[in-house]
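Asks: With the sequence up front, the predicted model follows.
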Amino acid sequence: MKYFLGAALTLTMSVATLAQTVDKVDDPIEWVNPLMGTDSKPSLSTGNTYPSISLPWGMNCWMPQTGKMGNGWAYVYTADKLRGFKQTHQPSPWINDYGQFAIMPITGKRRYKEDDRASWFSHKSEIAKPYYYSVYLADHNVTTEISPTERAAALRFTFPETDSSFVVIDALDKGSSIQIIPEKNCIVGYTTKNSGGVPANFKNYFVIQFDRPFANTAVWSGDTLSATQLDKQANHVGAVVGFKTRKGEQVYARVASSFISPEQAERNLQEIGNDSFDTVKNKAKAIWNTEMKRMLVSGGTADQTRTFYSCLYRTMLFPRKFYEIDDKKQIVHYSPYNGQVLPGYMFTDNGFWDTFRAVFPLFNLTQPTLNSHIMAGLENAYKESGFLPEWASPGHRDCMVGSNSASIIADAYLKGNRQGYDINKLYEAILKNTQTEGPLSSVGRKGAAYYNKLGYVPYDVKINENAARTLEYAYDDFTIWQLAKELKRPQAEIDLFAKRSQNYRNLFDPSTKLMRGKNENGTFQSLFNPFKWGDAFTEGNSWHYTWSVFHDVQGLSDLMGGRAGFAKMLDSVFVVPPVFDDSYYGSVIHEIREMQIMNMGNYAHGNQPIQHMIYLYNYAGQPWKAQYWLREVMNRLYQPTPDGYCGDEDNGQTSAWYVFSSMGFYPVCPGTDQYVLGAPLFKKVTLQLENGKTLTVNAANNGAQNRYVQDVKLNGKAYSPNWLSHSELMKGATLDVQMTDKPNTKRGTNPADAPYSFSASKK
């Protein structure tokens, strides 16, 4: 092990020392690469992202489209043709899209079908920024530019000299409508195409306002193009409008949409008003920089700086605002749960199984007001559907396990974000989850009756991924216990959730020191292969899920024989080869392949269950190992390139891990006040808190060689704990970290320095 670690460190040093450091970042948005993670495919994800041209948490975003209609991999870096520019709400290729339509400029003949209108393009003539996208369409000799607002977008097309310049509007299939209004230089319509999670009356209404008259018009449906009609409604319709253009002439189109009504779409278009394209672009850039400048980093390499801000950008896309501003300037939303237009906030496009871990804790640190609005949206979702969402896009989707809305709600409230929503109503919703199976397996708690009676979801009662459910329910019960105490609930109720938080113990197998499925009669599943993915677990194996005891690491450590045995088990994750059993799935799923090829043993950072594991060395009294492996992951598994992630990015979660880890700490257990220390990546990080205070992390002698923590000072005083307090950081704080090239095997070794564990707090 020592030889391996030393060799890896030497290699990292030799490469990284060639890079210059970035001493100051004045324009952080320019460091973002929206193409990071786009070199993906179903069999291997390097992010499964697309370049989202949008504002932070904007209701609508835009993207260039390389894939065919309905393909979740709508933009892949390896493609060589573009079929259009699509308004999108897609949170994941696996969940797919809704509220979508496409626009494509062409020249020559009227070609409206997606393959016929497609054009070759090159990344060498492509500019991708969060606030601006530009690309040259070679087959049409047209340059397309896009810049966003929250619910609208500005599109500008630079045409050659021709009397056959066209813009194609594709409202897509599954039911759509189009109408050309020549006297207003306008096109209106709606699209219903979606992938589920919508009421029967779902429509996305759009309006496209051009800056000049049309030279000619046509509408189309299927294989039929009509130059005599101005409107069409059918399964799949669209329009083609023509222009006579001079060389370099620019056609400007302002586009907006609404889930509420055509009139509201017109209202949303006023986000642009009479602004020119460049004005929209400059405003969008300023909005992004306002958010980005909350976190300024310096003293890292150019690639580290690019990666940091590219990851920070990804944390600001989801959950998506799903509300609009009506004619009375009131916040309203179309409910994706009951189809009504109702007052108040709504957010969507998020899988809490992923994002409870670091995204929402990041919001509690950097965006508490936003997170309070999200809590208000969760309250509305419960009122409108009877359940809290666990995977919403835009309404309930049947995906993943757990009832991790409890963690998100408890963490927000316990960290002081308490304005603008009714915590008692949300607590009512949380309690319902603990007692009820929902209409979908991802809503409520699948196997709730078994769990509440036996203390676990059995392996042999035909409930898939039962061990994963048990472990996540136990953690969620801990967060409920924390919240119940704060709300002064009845003592019997408080005690019940304290007891249930220990249900993880029911699955611990002393013979293997791993978590294992258990049958209804109390016997463990047999045969048991700890390398088997799925089955009792969710997109992972026992080596990954055994660590999902966020709230009681001390209890888990005791089960493994104490700190030395616990540390040895942590070491083993990196020592055992990347072997796997894929028989549950019947083939190698992409998450398995991503683990296999990373050369880090059975550590599977490309998926969420194990992403906190490295920080657990702090509980074992060996924090230097966390420091080593954290830098390895940041160096090797993240790059600001199209293949820059090591698995699905997942609504900001994998990015939030990098953002937190770069600062030098991480929220291992949301629902507590603590962050667990790692080691900062940059020489300086400055975080401007929403309350006006400043959090500064100084690591002046940081670098490729110096990855270990020698000592720590908090506000000028020596600091030995392996954790930081959220409440103290929110007062404004300065963390000084002295870095070194050799592990300090004395600092942080005292059991009293370990972060919070339920069992330790009870002793």
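Replies: Structure's in. What do you need?
Asks: can you give me the helices for the stretch 451-600 of the chain?
Replies: 466-486, 491-500, 542-545, 553-559, 563-575, 590-596 (DSSP state H, counting those that start in this stretch).
Asks: Check the stretch 201-350 of the chain too.
Replies: 262-269, 277-292, 302-314.
Asks: ditto for the stretch 601-750 of the chain
Replies: Under DSSP H, counting those that start in this stretch, the stretch 601-750 of the chain gives helices at 623-636, 653-663, 726-729.
Asks: Need those helices in a markdown table (columns: distance to I614).
Replies: Where C-beta positions appear, they are placed from N, C-alpha and C, glycine not excepted. Listed next are the helices of the stretch 601-750 of the chain as a markdown table, based on distance: least, C-beta to C-beta, whole Å:
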| stretch | distance to I614 |
| --- | --- |
| helix 623-636 | 5 |
| helix 653-663 | 9 |
| helix 726-729 | 20 |
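Asks: taking these together, which one is wrapped up most tightly?
Replies: Neighbour counts (mean count of other C-beta atoms under 10 Å) averaged over each of those peak at helix 653-663, with a mean of 27.
Asks: quick one: that helix to chain centroid distance?
Replies: 11 Å (C-alpha atoms, centre = their mean, to the nearest Å).
Asks: could you check the angle helix 623-636 makes with that helix?
Replies: Taking axes from the mean of the first three to the mean of the last three C-alpha atoms, to 10 degrees, one finds that helix 653-663 is oriented at 120 degrees with respect to helix 623-636.
Asks: what's the angle from helix 653-663 to helix 302-314?
Replies: 130 degrees.
Asks: ok, S92 touching N651?
Replies: Yes - counting by C-beta atoms under 8 Å, N651 is a contact partner of S92 at 7.2 Å.
Asks: can you redo the helices of the stretch 601-750 of the chain as a markdown table with mean pLDDT and distance to G522?
Replies: Shown next, in a markdown table, are these (pLDDT from 0 to 100; distance: least, C-beta to C-beta, whole Å):
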| stretch | mean pLDDT | distance to G522 |
| --- | --- | --- |
| helix 623-636 | 98 | 36 |
| helix 653-663 | 98 | 35 |
| helix 726-729 | 98 | 40 |
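Asks: among those helices, which is nearest A700?
Replies: helix 653-663 (15.4 Å; C-beta to C-beta).
Asks: show me where the stretch 51-200 of the chain has helices.
Replies: Using DSSP H, counting those that start in this stretch, the helices of the stretch 51-200 of the chain run over residues 114-117.
Asks: Show me where it has its strands.
Replies: Secondary structure of the stretch 51-200 of the chain (DSSP state E, counting those that start in this stretch): strands located at 61-65, 81-82, 84-88, 101-107, 119-120, 126-129, 132-137, 142-148, 152-158, 162-170, 176-181, 186-191.
Asks: can you put those strands in a markdown table and add distance to F758, mean pLDDT and mean neighbour count?
Replies: Compiled in a markdown table, the strands of the stretch 51-200 of the chain are given as follows (distance: least, C-beta to C-beta, whole Å; pLDDT from 0 to 100; neighbours: other C-beta atoms under 10 Å):
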| stretch | distance to F758 | mean pLDDT | mean neighbour count |
| --- | --- | --- | --- |
| strand 61-65 | 41 | 98 | 25 |
| strand 81-82 | 53 | 98 | 18 |
| strand 84-88 | 42 | 98 | 24 |
| strand 101-107 | 50 | 98 | 25 |
| strand 119-120 | 59 | 98 | 17 |
| strand 126-129 | 45 | 98 | 17 |
| strand 132-137 | 48 | 98 | 21 |
| strand 142-148 | 45 | 98 | 25 |
| strand 152-158 | 48 | 98 | 24 |
| strand 162-170 | 54 | 98 | 22 |
| strand 176-181 | 53 | 98 | 21 |
| strand 186-191 | 49 | 98 | 25 |
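Asks: Test of understanding: give the bridge partners of the nearest residue to S125 once chain neighbours are set aside.
Replies: Leaving aside its sequence neighbours, S125 sits nearest to Y136 (C-beta to C-beta, 6 or more residues apart in numbering; 3.9 Å). Going by DSSP bridges, Y136 is paired in beta bridges with T143.
Asks: My guess is Y136 contacts F157. True?
Replies: No - under the criterion of C-beta under 8 Å, Y136 is not in contact with F157, lying 11.4 Å apart.
Asks: Touching both of those two, which residues are there?
Replies: 142-143 (C-beta atoms under 8 Å, 6 or more residues apart in numbering).
Asks: Overlap in contacts, S92 and N651.
Replies: G351.
Asks: So for these two, which sits in the more crowded spot?
Replies: Neighbour count, other C-beta atoms under 10 Å: between S92 and N651, N651 has more, with 27 against 23.
Asks: what residues are up against the nearest residue to that one once chain neighbours are set aside?
Replies: Of all residues not flanking N651 in the chain, F318 sits nearest, at 4.2 Å (C-beta to C-beta, 6+ apart). By C-beta under 8 Å, 6+ apart, F318 lies in contact with 57, 91, 349-350, 355, 359, 651-652.
Asks: any idea how far F318 is from F85?
Replies: From F318 across to F85, the span is 21 Å (C-beta to C-beta, to the nearest Å).
Asks: Please name whichever of the strands of the stretch 51-200 of the chain is nearest to I597.
Replies: Per C-beta to C-beta, nearest to I597 of the strands of the stretch 51-200 of the chain: strand 126-129, 26.4 Å.
Asks: Keeping just the C-alphas, turn the closest one into PDB.
Replies: Written as PDB, here are the backbone C-alpha positions of strand 126-129 (Å, rounded to 0.1, in the frame of the first residue of the first chain):
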ATOM      1  CA  GLU A 126     -18.700  26.400 -31.300                       C
ATOM      2  CA  ILE A 127     -18.800  28.600 -28.200                       C
ATOM      3  CA  ALA A 128     -20.500  27.300 -25.100                       C
ATOM      4  CA  LYS A 129     -21.000  29.400 -22.000                       C
END
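Asks: Could you list the paired strands of that strand along with their orientation?
Replies: strand 132-137 (antiparallel).
Asks: Only alpha carbons, please: show the strand it pairs with as CSV.
Replies: Output in CSV follows, covering the C-alpha atoms of strand 132-137 (Å, rounded to 0.1, in the frame of the first residue of the first chain):
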residue,chain,number,x,y,z
TYR,A,132,-24.3,32.3,-24.4
TYR,A,133,-24.1,29.7,-27.1
SER,A,134,-22.9,30.1,-30.7
VAL,A,135,-22.3,27.6,-33.5
TYR,A,136,-21.7,27.6,-37.2
LEU,A,137,-24.0,25.4,-39.2
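Asks: Contacts for that strand, please.
Replies: Residues contacting strand 132-137 (C-beta under 8 Å, 6+ apart): 34, 51, 53, 62, 64, 82, 105, 119-122, 125-127, 142-147, 281, 284-285.
Asks: Let's see the pLDDT reported for the one residue sitting closest to the centre of the chain.
Replies: What sits nearest the mean C-alpha location of the chain, by C-alpha atoms, centre = their mean, is N651, with 1.4 Å. Note on N651: pLDDT of 97.
Asks: same deal with G402?
Replies: 89.
Asks: Output stretch 263-273 in CSV with nothing but the alpha carbons.
Replies: What follows is stretch 263-273, C-alpha atoms only, in CSV (Å, rounded to 0.1, in the frame of the first residue of the first chain):
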residue,chain,number,x,y,z
GLU,A,263,-51.2,34.7,-22.4
GLN,A,264,-48.7,33.9,-19.7
ALA,A,265,-46.2,32.9,-22.4
GLU,A,266,-46.6,36.4,-23.8
ARG,A,267,-46.1,37.8,-20.3
ASN,A,268,-43.0,35.7,-19.8
LEU,A,269,-41.6,37.2,-23.1
GLN,A,270,-41.5,40.5,-21.3
GLU,A,271,-38.4,39.3,-19.5
ILE,A,272,-36.7,40.3,-22.7
GLY,A,273,-39.0,43.2,-23.6
